[in-house]
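1. Could you look at this predicted model? Sequence included:
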Amino acid sequence: MTEATVAGVAVDTRHWIGGVRVGSAETFADVSPVDGAVIAQVARGGVVEARAAVAAAREAFPGWAATPPVERARLLHAIADGVDKRLAELAVVETTDNGALLRSHLRGVMPRVAHNLRFFADWLVENLAHDDFDTRGHTNRVSWDPAGPSVLITPWNAPLMLATWKIAPALAAGNTVVLKPAEWTPLTASLFADITAEAGLPPGVFNVVQGFGEEVGAALVDDPDVRRISFTGSVPTARAIGAAAGRHLTPTSFELGGKSPLLVFADADLELAADLAVEQYDNAGQVCLAATRILVEESVAEEFTAKLLDRATRLVQGDPRDEATGVGPNIHADHVARVDGFVRRAVDAGARVLLGGGPNTDLGGLYYRPTLLTDVAQDSEIVQEEVFGPVLTLQTFRDEDHAVALANDTRFGLAATLATGDRERADRVTARLVAGTVWVNCFFVRDLQAPFGGSRQSGVGREGGTWSFDFYCDVKNTVTAPNGWR
Ligand code: NAD
């Protein structure tokens, strides 16, 4: 059965290829992290479905690329209207599928999905004008041509939000799309396909293929007809995709993992700093940008730690559909075991548990307790590797140089957060940090026109605003001489 009713919402879990639903011989089970129940059987695509989806995207491409920008923008707004109309359904299905808080989906994430679509539609119309300049009487005209079929591969921690962050600029640019959602969260992509059809998007412009493990994703990125690959996920998968893309020289954009620091200086507002620290348990720590390494200046370490523990112990853990819940479940049992493995090995290596330290057995095995570890060595696994669970480490630093050295000493460079009351210090430290985004006395403020991405192994390239169009387009410069005209 590839039709499911999830939280009262009917979801067709077949692929969406060329404007029609397509099944596969095999299916895989979709399990809810809320209670471990199987909520849907989903079509399990492979090479055949991948080829079909790329072929549909290739066929639809010339028509979509030739569609005037204002019409493309109108259709993106119509899709956003459809998202707004079904916002409550999308929110409850997403929560059931990935376990993130319902109130976040209702008030933050799903409105952001619609905003992604509207923002890139408006950017296309308002900012992507031809850009002319003169060279010795010759005119240079820069234009952004659609690149072609684009494969978008997304993770499970913020499924539809991260998907539309790619879908919107790709479609706005005039590209056609094949989306491969993560196998743990296939449902809202399927609902989104319905919304695109209701909005009147032509068949083949947007396609979804479902699949488990690497099968369908690996086939998609190894297709020579694909012109762009945008991937958000883990470093090992990015390596595999990069190798395949390299065979065809397909341009890639990678948004990967992180091990970001929160630097708390003695001159900071410590109440604010503790608020920023406790925010890192959001989405049960399954946030690429999370500042999971807390670095605090020695002289205020005790005072700051007490404030953080006070806030963290008051977090309510439970059903993500409850309004009072602050921390929900982690995505699946193997992931919880992986998170716990990191904590166990850290403790064996001498880490001291200040909070949590294991699954919340009262709630079943999928809910990991918010955890804070200290006495951790800079070169230890728990400080160097992304855990992707509600696990923070706490280290102290002596001075600014020491803080920067610790902050930069991982293979990642996605984000960094600073708590300081000194503007000059903020400027000095920011200039020395290796990070795609730095937040000063704030966290998670994200404007879609800002560049977004990671340095080092946190990513390749930047998306957002004009950077998205640079990636999804073939940028062309046309030089026209003043003479030669009849
Ligand atoms: P993952 O790498 O396991 O999977 C991501 C996607 O890749 C899934 O859709 C999966 O099916 C697909 N895939 C797997 N093997 C493939 C292959 N060989 N070829 C093509 N596709 C393949 O990542 P995940 O566990 O779903 O997500 C968690 C990771 O994502 C974390 O590392 C997190 O930091 C990162 N992330 C980064 C950002 C960011 O913007 N930087 C945002 C969210 C999550």
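-> Sure thing, it's come through.
2. quick one: residue 13 from residue 30, how far?
-> 7 Å (C-beta to C-beta, to the nearest Å). Bear in mind the C-beta positions are built from the backbone N, C-alpha and C, glycine included.
3. what touches both of those two?
-> 4, 40-42, 186-187 (C-beta atoms under 8 Å, 6 or more residues apart in numbering).
4. Which ones among those also lie next to the ligand?
-> For the ligand, no contacts are drawn from these by C-beta under 6 Å from any ligand atom.
5. interface residues of the protein facing the ligand?
-> Residues of the chain lying near the ligand (C-beta under 6 Å from any ligand atom): 153-157, 162, 180, 182-183, 214, 217-218, 221, 232-234, 237, 240-241, 255-258, 288, 386, 388, 414, 454, 459.
6. Now the two most distant members of the shared contacts of residue 13 and residue 30.
-> Using C-beta to C-beta, the shared contacts of residue 13 and residue 30 span at most 11.7 Å, a distance reached by 41 and 187.
7. before we move on, the earlier item: so which of the shared contacts of residue 13 and residue 30 would you say is closest to the ligand?
-> residue 186 (9.2 Å; C-beta to the nearest ligand atom).
8. So what does that closest one have for phi and psi?
-> With angles defined as degrees, to the nearest 10, residue 186 sits at phi -90, psi -10.
9. tally of neighbours for it?
-> 24 (other C-beta atoms under 10 Å).
10. Same check on residue 138?
-> 12.
11. which residues of the stretch 251-400 of the chain fall in helices?
-> Assigned by DSSP state H, counting those that start in this stretch, the helices in the stretch 251-400 of the chain fall at 270-278, 301-313, 333-348, 381-384, 400-408.
12. Can you flag the buried ones in the residues of the chain next to the ligand?
-> Burial by neighbour count, 16 or more other C-beta atoms under 10 Å: within the residues of the chain next to the ligand this picks out 153-157, 162, 180, 182-183, 217-218, 221, 232-233, 237, 240-241, 255-258, 288, 386, 388, 414, 454, 459.
13. Mind checking which of those are in strands?
-> The strands, defined by DSSP state E, take in 153, 180, 232, 255, 459 from those.
14. Pick the one among these closest to the ligand.
-> Top of the list for closeness to the ligand, among those and by C-beta to the nearest ligand atom, is residue 255 at 3.3 Å.
15. For the closest one, report the pLDDT, please.
-> If you check residue 255, the pLDDT there is 98.
16. dump the residue contacts of it.
-> Applying C-beta under 8 Å, 6+ apart, the residues near residue 255 are 230-232, 288, 452-454, 458-459, 463.
17. Using JSON lines, lay out those residues together with pLDDT.
-> Shown next, in JSON lines, are these (pLDDT from 0 to 100):
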{"residue": "230", "pLDDT": "98"}
{"residue": "231", "pLDDT": "98"}
{"residue": "232", "pLDDT": "98"}
{"residue": "288", "pLDDT": "98"}
{"residue": "452", "pLDDT": "98"}
{"residue": "453", "pLDDT": "98"}
{"residue": "454", "pLDDT": "98"}
{"residue": "458", "pLDDT": "98"}
{"residue": "459", "pLDDT": "98"}
{"residue": "463", "pLDDT": "97"}
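18. closest to the ligand among those residues?
-> residue 288 (3.2 Å).
19. Run through the residues that contact that closest one.
-> 157, 232, 255-258, 414, 458.
20. what's the spacing between the closest residue to the ligand within the stretch 51-200 of the chain and residue 300?
-> Proximity of the stretch 51-200 of the chain to the ligand (C-beta to the nearest ligand atom) peaks at residue 155, 3.1 Å away. To residue 300, residue 155 is 36 Å away according to C-beta to C-beta.
21. Could you pull up the mean pLDDT of the longest helix seen in the chain?
-> Across the chain, the longest stretch assigned as helix under DSSP state H is helix 47-66. For helix 47-66, mean pLDDT is 98.
22. dump the residue contacts of residue 406.
-> 261, 293, 295, 378, 395, 397.
23. which one is the fifth one nearest to, not counting chain neighbours?
-> Closest residue to residue 395 in three dimensions, ignoring its sequence neighbours and counting by C-beta to C-beta, 6 or more residues apart in numbering: residue 295, at 5.4 Å.
24. I am finished for the moment; much appreciated.
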